[in-house]
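# Structure for the following, please:
(one chain, ligands or ions: 1)
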Amino acid sequence: MLGERQVIVFYDERMLAHCPNADVPFLPGRLDRRVREILASLKVKWTYPEHPGRLTAIKELLERAPIPGLRFETGAPATREQLSRVHTTSYLEAIYALRGRNAWLDVDTTAVSPGSVEAAEVAAGTAIAAVEAVVEGRAPTTCALVRPPGHHAEPVRARGFCLFNNTAVAAAHARAALGCKRVLIVDWDVHHGNGTQEIFWADPNVMLFDTHRASPFYPGSGMLEEVGGGLGEGTTINVPLPGGSGDAAMLKAFREILVPAADFFKPDLVLVSAGFDMHRFDLALNVTEEGFAALTGIVRDIADRHCEGRLAMILEGGYHLESLAQGTRAVLEVLAGAEPAEPPECGTREVAAAAEFHRRAFIPE
Ligand SMILES: [Zn+2]
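Numbering: from 1, shown residues only. From the prediction side, this is the model:
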């Protein structure tokens, strides 16, 4: 029943200071010229898509439509030691050197503003705080509303709006400092979590289950055949899906692939790299709010079955503000105890309606 489970939501205003400015010149390159030409021809002012309004949209909705059982706490910046479990010393030095500056790091997407390095430290530290709260038993489930996001950040490289890999930092902290033995990471962001995959590629104690829109799509990795290596062979599970797959396909992947994999792995902590960009109004994996709720129900059941409900959600992408906020709220309701309904066969219904439309248009009475 809604409200019967306690949920702590971690939110920290220091993350709003990451605000890359569209007027900062891109690194010189063909992409830069092409993007600027297209935007100029459309008379559109380019803005950085991963902006502070993403977090405030979620916060405002939760204040406007509160959820029983939910309370807020703030995070803390991650330390160098905590970040160095998944990023190299030279990479950390390069990022720390950007404090107080505007700069582009990655020719496709990633930039920083003067407050970004601290915001990224707080994002990673807030993911850690969310994990500590569930392991200490202060709440069975937590949700870290963080930005910049993390799952594209690699050990040595910023990518895809990501500086530090928040979820990976939290998983590594759980293993190194909190006594967790087996951490399951579920990454349902529409993009493949290339950074998380790389970090735990050969680690048999961290299982990554990743559904994403299939390549050709950013960042281009996440093929079925990418299953981990060395001792970690088999603990990386990729499920690439065609664009528009919808709730039914996602639920099938979770029920028929994730559930048996989790039952085999027996995690003592479950993390979700929770992006909301597979929403039907965002990057076209055609998932609905009901779909997010049903996926959350499956993950919540896995955590209940294997690790006394220990589950932490960590925000990744989601760029359509309304669906980002509504999707997050739908997830939090299930974490707070609501029973998710089976979502409608979204997509199939649209296709059926389109088929009916075309039948009338093209087939004479
Ligand atoms: Zn994404």
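
# How about the spatially most central residue of the chain, nearest residue that isn't a chain neighbour?
Centroid-nearest residue in the chain, with CA atoms, centre = their mean: Glu316, separated by 2.8 Å. What sits nearest to Glu316 in space, not counting adjacent residues and going by CB to CB, 6 or more residues apart in numbering, is Gly275, at 3.7 Å. Every residue, glycine included, has its C-beta placed from N, CA and C.

# okay but the one you found is in contact with Tyr319, surely?
No. When contacts are counted by CB atoms under 8 Å, Gly275 is not listed as touching Tyr319 (9.5 Å).

# Which one's more surrounded, these two?
The neighbour comparison of Gly275 against Tyr319 (other CB atoms under 10 Å) goes to Gly275, with 27 against 19.

# Might you report the residue contacts of the closest residue to Leu231 other than its chain neighbours?
Nearest non-adjacent residue to Leu231, counting by CB to CB, 6+ apart: Pro204, 4.6 Å away. Shown in contact with Pro204 (CB atoms under 8 Å, 6 or more residues apart in numbering): 231-232, 235.

# swap in Gly222?
Listed by CB under 8 Å, 6+ apart, the contact partners of Gly222 are 192-194, 197, 210, 212, 214-215, 238, 240.

# Can you go through these and name the buried ones?
By neighbour count, with 16 or more other CB atoms under 10 Å, the contacts of Gly222 hold 192-194, 197, 210, 212, 214, 238, 240 as buried.

# how about the residues you listed in CSV, adding pLDDT?
Listed next are the buried ones among the contacts of Gly222 as CSV, based on pLDDT from 0 to 100:
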residue, pLDDT
His192, 97
Gly193, 98
Asn194, 98
Gln197, 98
Asp210, 97
His212, 95
Ala214, 90
Asn238, 95
Pro240, 93
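
# need those residues in JSON lines with secondary structure and distance to Glu13, can you?
Shown next, in JSON lines, are the buried ones among the contacts of Gly222 (DSSP: H, G, I helix; E, B strand; the rest coil; distance: CB to CB, whole Å):
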{"residue": "His192", "secondary structure": "coil", "distance to Glu13": "30"}
{"residue": "Gly193", "secondary structure": "coil", "distance to Glu13": "26"}
{"residue": "Asn194", "secondary structure": "helix", "distance to Glu13": "29"}
{"residue": "Gln197", "secondary structure": "helix", "distance to Glu13": "31"}
{"residue": "Asp210", "secondary structure": "strand", "distance to Glu13": "30"}
{"residue": "His212", "secondary structure": "strand", "distance to Glu13": "30"}
{"residue": "Ala214", "secondary structure": "coil", "distance to Glu13": "37"}
{"residue": "Asn238", "secondary structure": "strand", "distance to Glu13": "35"}
{"residue": "Pro240", "secondary structure": "strand", "distance to Glu13": "37"}
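
# ok, which of those residues also contact the ion?
Among the buried ones among the contacts of Gly222, no residue lies close to the ion (CB under 5 Å from the ion).

# Quick check: residues of the protein near the ion?
Counting by CB under 5 Å from the ion, the residues of the chain close to the ion are 189, 191, 275, 277, 317.

# Looking at those, which gets the smallest pLDDT?
Minimum pLDDT across these is recorded for Asp277, with 92.

# show me the contacts for that one.
Here Asp277 is in contact with 189-191, 283, 285, 316-320 (CB under 8 Å, 6+ apart).

# ok, how many other residues are close to the residue in the chain positioned nearest to the ion?
For the chain, the residue closest to the ion is Gly317, as judged by CB to the ion, at 2.8 Å. Gly317 is flanked by 26 other residues according to other CB under 10 Å.

# Confirm that it sits in a strand.
No. The assignment for Gly317 is coil, going by DSSP: H, G, I helix; E, B strand; the rest coil, so no strand is present there.

# I'd guessed it sits against Trp188; true?
No. Using CB under 8 Å, Gly317 is not in contact with Trp188; the gap is 10.4 Å.

# so where do the strands sit in the stretch 251-365 of the chain?
Assigned strands in the stretch 251-365 of the chain, in chain order: 269-274, 311-315 (criterion: DSSP state E, counting those that start in this stretch).

# From the contact counts, what lies against the first one?
Packed against strand 269-274 by the contact rule (3 or more CB pairs under 8 Å, 6 or more residues apart in numbering; DSSP states H and E) you find helix 116-135, helix 166-177, strand 183-187, helix 289-307, strand 311-315.

# Which positions in stretch 170-190 come out as buried?
170-175, 178, 180, 182-190.

# where does the protein have its least confident helix or strand?
Lowest on mean pLDDT, DSSP states H and E among the helices and strands of the chain sits helix 348-362, with a mean of 55.

# burial count for Ala262?
25.

# what's it in contact with, if anything?
When contacts are counted by CB under 8 Å, 6+ apart, Ala262 is found next to 184, 207, 209, 270, 302, 306.
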